[in-house]
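Turn this into a model:
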Amino acid sequence: MQTGIRKLVSPGLIGALLLSGCSFTSDALWPSLSGDTSRQAVRVDIPPTQAEVRSQQTLTMASPAPQAVAVPAPAMVAQASPAPSNTFVGQKVAQMRGDLGRLQGSINQHMADLQAIRTTTAQNAAAYYGTVAAIQARLQVGTTPGNPILQQQWNQAQAQLDTLNLDIANMNSLSTRVAADSSLAAFMLEAARSTYGLAGAVDEDHRALATLEDDVNRTVVALDRILNELSGDLQRQTAYLNSERSNLASLSVGIKNGELLGQGLGNRAFASAAPMPSGPIASAASAPGTDGRRPLVVIRFDRARVDYQQALYNAVSRALERRPDAAFDLVAVSPSRGNAAQVTLNSANAKRNAESVLRSLTDMGLPATRVQLSSTTSGQAQNTEVHVYVR
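Coordinates of the predicted model:
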């Protein structure tokens, strides 16, 4: 029977079947573009494997947005100490271990207080800068002299600056408490080291004592670090407060004049000095002064109101940029013409004007110790003048 079947399947039929299969496979993979749509390829969708599904989910998953993580202050944690024995040394180690635990609890409180003071200081500084920025923005575009709204904002800024001074006082108080704990930690370290020399101890006592000494050493390092951070904060805050007091004084003059002058002159002394030019400093006057020196500024009081503050500020500011340690001479110059009574009256007016210029300089932040007053008469002066010289 099997032999008969083999005879019925001829080699030609097998070849035809193979050719037809090849033709179907070719048409399925490469569809015809001749317009014959009688035979169309069958699309078979193969579902992805589990590994591919997991890969796609991993790649298409949206990454979470980064969030700010508050880093807590480091806490003092004592190591696991071996249990001391009932000897005299063991009891002493247990007592010192209790004292160390209380000291470390105090250190954790100091760290929390320091973080709280820093947060409060940052908030107070931000509020102060917001008030000052509002005043400066208004003065930058110009306003009326003595604007009461700006004066009220200036009073608010002054109160906020006093709040920053209170933060410095809190830092000083915290520094005093940390220094006291630092002295206590140093005493405990010496006591732990001296305990090694006591008689009647067993091996467990010395192992517990060594662990205690390591903990006390770490406590001393932590206290020193807090003291160093407090010292740096105090220096920065004190310098910042002094600088802002000078800037606030200059801002008060700007409010009186209705225009922004600039940074306090007292802060110019801390700027880096530029190289001095070979010639004399640029002067606001074209003629030399009465004593042969060329004045930096000449203010002529030839009318009832003389707006000299902005020009004076700019000239003194440039002089301090060139030489931060510069001092200044204010010379009250009065006309020498007329009778004795007129000369005396003109001299008194010139001195009064020079004192007004001195008050303006101190309001701008220039220390009064850098200014020296003097008076003279001049036959060329038509009105009372005040000459400013760099010394």
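
This protein: helices as residue ranges?
Secondary structure of the chain (DSSP state H): helices at 2-8, 11-29, 50-60, 88-141, 148-195, 203-257, 309-322, 340-363.

Please work out the angle formed by the directions of the fourth one and helix 148-195.
Regarding helix 88-141 and helix 148-195, their directions subtend 160 degrees when assessed with axes from the mean of the first three to the mean of the last three CA atoms, to 10 degrees.

and helix 88-141, what's its mean pLDDT?
Here helix 88-141 scores 90 as its mean pLDDT.

could you say what helices and strands that helix packs with?
helix 148-195, helix 203-257 (3 or more CB pairs under 8 Å, 6 or more residues apart in numbering; DSSP states H and E). For glycine as for every other residue, the C-beta is placed from the backbone atoms N, C-alpha and C.

Comparing the ones you listed by mean pLDDT, which bottoms out?
What stands lowest among the helices and strands packed on helix 88-141, in mean pLDDT terms, is helix 203-257, with a mean of 86.

how far out from the middle of the chain is that one?
15 Å (CA atoms, centre = their mean, to the nearest Å).

For that helix, name the packing helices and strands.
Packed next to helix 203-257, using 3+ CB pairs under 8 Å, 6+ apart, are helix 88-141, helix 148-195, helix 309-322, helix 340-363.

JSON lines please, covering the helices and strands packed on helix 88-141 and showing distance to A340 and mean neighbour count.
As requested, the helices and strands packed on helix 88-141 are exported to JSON lines (distance: least, CB to CB, whole Å; neighbours: other CB atoms under 10 Å):
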{"stretch": "helix 148-195", "distance to A340": "44", "mean neighbour count": "16"}
{"stretch": "helix 203-257", "distance to A340": "37", "mean neighbour count": "18"}
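
want to throw the ones you listed into TSV with distance to A311?
Output for those, formatted as TSV (distance: least, CB to CB, whole Å):
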stretch	distance to A311
helix 148-195	22
helix 203-257	11
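
Tell me which of those helices approaches I117 most closely.
I117 lies closest, by CB to CB, to one member of those: helix 148-195, at 5.3 Å.

what angle sits between the closest one and helix 203-257?
Relative orientation of helix 148-195 versus helix 203-257 (the same axes, to 10 degrees): 160 degrees.

Could you list every helix and strand in contact with helix 148-195?
Other elements packing on helix 148-195 under the criterion 3+ CB pairs under 8 Å, 6+ apart are helix 88-141, helix 203-257.

can I get those in a markdown table with distance to G338?
Below are the helices and strands packed on helix 148-195 laid out as a markdown table (distance: least, CB to CB, whole Å):
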| stretch | distance to G338 |
| --- | --- |
| helix 88-141 | 42 |
| helix 203-257 | 33 |
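
May I have the residues that are in contact with the closest residue to Y308 other than its chain neighbours?
Closest residue to Y308 in three dimensions, ignoring its sequence neighbours and counting by CB to CB, 6 or more residues apart in numbering: I299, at 4.7 Å. Neighbouring residues of I299 by CB atoms under 8 Å, 6 or more residues apart in numbering: V306, Y308, L312, N353, V357, E385, V386, H387, V388.

Check P295 and give its pLDDT.
pLDDT recorded at P295 is 91.

Go ahead and confirm it touches V388.
Yes: using CB atoms under 8 Å, P295 is in contact with V388, at 6.0 Å.

between those two, what contacts are shared?
V331.

Could you tell me the phi and psi values at A327?
Note on A327: its backbone torsions stand at phi -120, psi 170 [degrees, to the nearest 10].

OK, contacts around it?
With CB under 8 Å, 6+ apart, A327 has these contacts: R370, V371, Q372, V390, R391.

Quick check: the gap between it and S375.
Per CB to CB, to the nearest Å, A327 is found 18 Å from S375.

cool, Q382 as well?
For Q382 relative to S375 (CB to CB), the value is 17 Å.

Name the residue in these two with the higher neighbour count.
Neighbour tally, Q382 and S375, criterion other CB atoms under 10 Å: the higher count belongs to S375, 15 against 10.

how close does the closest residue to S106 other than its chain neighbours get to R218?
What sits nearest to S106 in space, not counting adjacent residues and going by CB to CB, 6+ apart, is D181, at 5.7 Å. To R218, D181 is 14 Å away according to CB to CB.

Check G146 too.
In this view, G146 and R218 are 60 Å apart by CB to CB.

Please apply the same query to A186.
In terms of CB to CB, A186 sits 13 Å off from R218.

And for G101?
Distance of G101 to R218, given as CB to CB: 13 Å.

what comes into contact with stretch 186-196?
89, 92-93, 96, 99-100, 103, 206, 209, 212-213, 216-217, 219-220.

what about 10 Å?
Stretch 186-196 has contacts (CB atoms under 10 Å, 6 or more residues apart in numbering) with 89, 92-93, 95-97, 99-100, 103, 201, 205-206, 209-210, 212-217, 219-220, 223.

Can I get it as PDB, trimmed to CA atoms?
The C-alpha coordinates for stretch 186-196 follow below in PDB (Å, rounded to 0.1, in the frame of the first residue of the first chain):
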ATOM      1  CA  ALA A 186      37.800  69.400  77.500                       C
ATOM      2  CA  PHE A 187      37.600  68.700  81.300                       C
ATOM      3  CA  MET A 188      35.800  65.400  80.600                       C
ATOM      4  CA  LEU A 189      38.500  64.300  78.200                       C
ATOM      5  CA  GLU A 190      41.300  65.000  80.700                       C
ATOM      6  CA  ALA A 191      39.300  63.100  83.400                       C
ATOM      7  CA  ALA A 192      38.800  60.100  81.100                       C
ATOM      8  CA  ARG A 193      42.600  60.000  80.300                       C
ATOM      9  CA  SER A 194      43.500  60.300  84.000                       C
ATOM     10  CA  THR A 195      41.200  57.500  84.900                       C
ATOM     11  CA  TYR A 196      43.600  55.000  83.200                       C
END
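
centre of the chain versus that stretch, how much separation?
On CA atoms, centre = their mean, the centre of stretch 186-196 falls 41 Å from the chain's centre.
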